[in-house]
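J.: coords below, sequence missing:
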């Protein structure tokens, strides 16, 4: 009987040790899972922070590359366009009318228009000698969009667009008013071409056109 009791005690102790051992392993697993979850949380937190920093930097660079100037809110303007009508912010104050080179020679421009825009794809044709007199004598200003050669190939009869070297590579547009022998250059903010900066250039151009009216020029 004593031997049997002793055997039972030994078996009970082994079971107790096994149960205790299993409990230690379970606690270890819980600790490992907790540690893993904590590490994953920290990694996600770091990723979120990095994404926020990236977005802030991108927005900061975008703001440095653009300028938001006040809208033109002067007198209403009607502008003739040879080429594609520009996208502007001042739709309530500025209207555009499509015109052709033939009409430039036939129309009394000052009676119908406040200015004329000629876009990039028509600059070569605009520099033909037969139009030089139109630009020099017209009572409205002309604006040559994306001309890198200032007003020179349009106002000097002997020079074509291709013959004139780039004179104003930092300008997005050049304006010329022959009657007053005036010209203007309009650059993009920080030399960055984007929609905001282009629209800002047009706002400056509208202000120039209005100033000519105020000075009695047109």
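T.: Perfect, I can see it now. On a predicted model such as this, the values are computed, not experimentally measured, just so you know.
J.: show me where this protein has helices.
T.: 2-64, 101-106, 109-112, 123-126, 132-137, 152-155, 195-214 (DSSP state H).
J.: residues near the closest residue to residue 133 other than its chain neighbours, how many?
T.: Excluding the flanking residues, the one nearest residue 133 by C-beta to C-beta, 6 or more residues apart in numbering is residue 157, at 8.0 Å. Just so you know, the C-beta spots here come from the backbone N, C-alpha and C atoms, and that holds for glycine as well. Using other C-beta atoms under 10 Å, residue 157 is surrounded by 15 other residues.
J.: How about the contacts made by residue 157?
T.: Residues in contact with residue 157 (C-beta atoms under 8 Å, 6 or more residues apart in numbering) are 129, 132-133.
J.: any idea which of the residues you listed is the one closest to residue 86?
T.: residue 132 (24.4 Å; C-beta to C-beta).
J.: picking that back up, buried ones among the contacts of residue 157?
T.: Those of the contacts of residue 157 that meet the buried threshold are residue 132, by 16 or more other C-beta atoms under 10 Å.
J.: May I see the contacts of residue 157 organised as CSV, with pLDDT and distance to residue 196 added?
T.: Formatted as CSV, the contacts of residue 157 follow (pLDDT from 0 to 100; distance: C-beta to C-beta, whole Å):
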residue, pLDDT, distance to residue 196
129, 95, 38
132, 95, 35
133, 93, 37
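J.: Dump the contacts of residue 157 to CSV, plus distance to residue 96.
T.: Below are the contacts of residue 157 laid out as CSV (distance: C-beta to C-beta, whole Å):
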residue, distance to residue 96
129, 27
132, 24
133, 25
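J.: which of the contacts of residue 157 lies closest to residue 114?
T.: residue 133 (20.6 Å).
J.: right, and residue 207 touches residue 74 too?
T.: Yes: here residue 207 reaches residue 74: they are 6.9 Å apart, a contact under C-beta atoms under 8 Å.
J.: For residue 98, list the residues it contacts.
T.: Contacts of residue 98 (C-beta under 8 Å, 6+ apart): 80-82, 85.
J.: Put the buried members of the residues you listed into a ChimeraX selection.
T.: ChimeraX command restricting the contacts of residue 98 to the buried ones, with burial defined by 16+ other C-beta under 10 Å:
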select :80,81,82
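J.: Looking at the contacts of residue 98, spot the one nearest residue 152.
T.: Once C-beta to C-beta is applied, the member of those that ends up nearest residue 152 is residue 82, at 18.6 Å.
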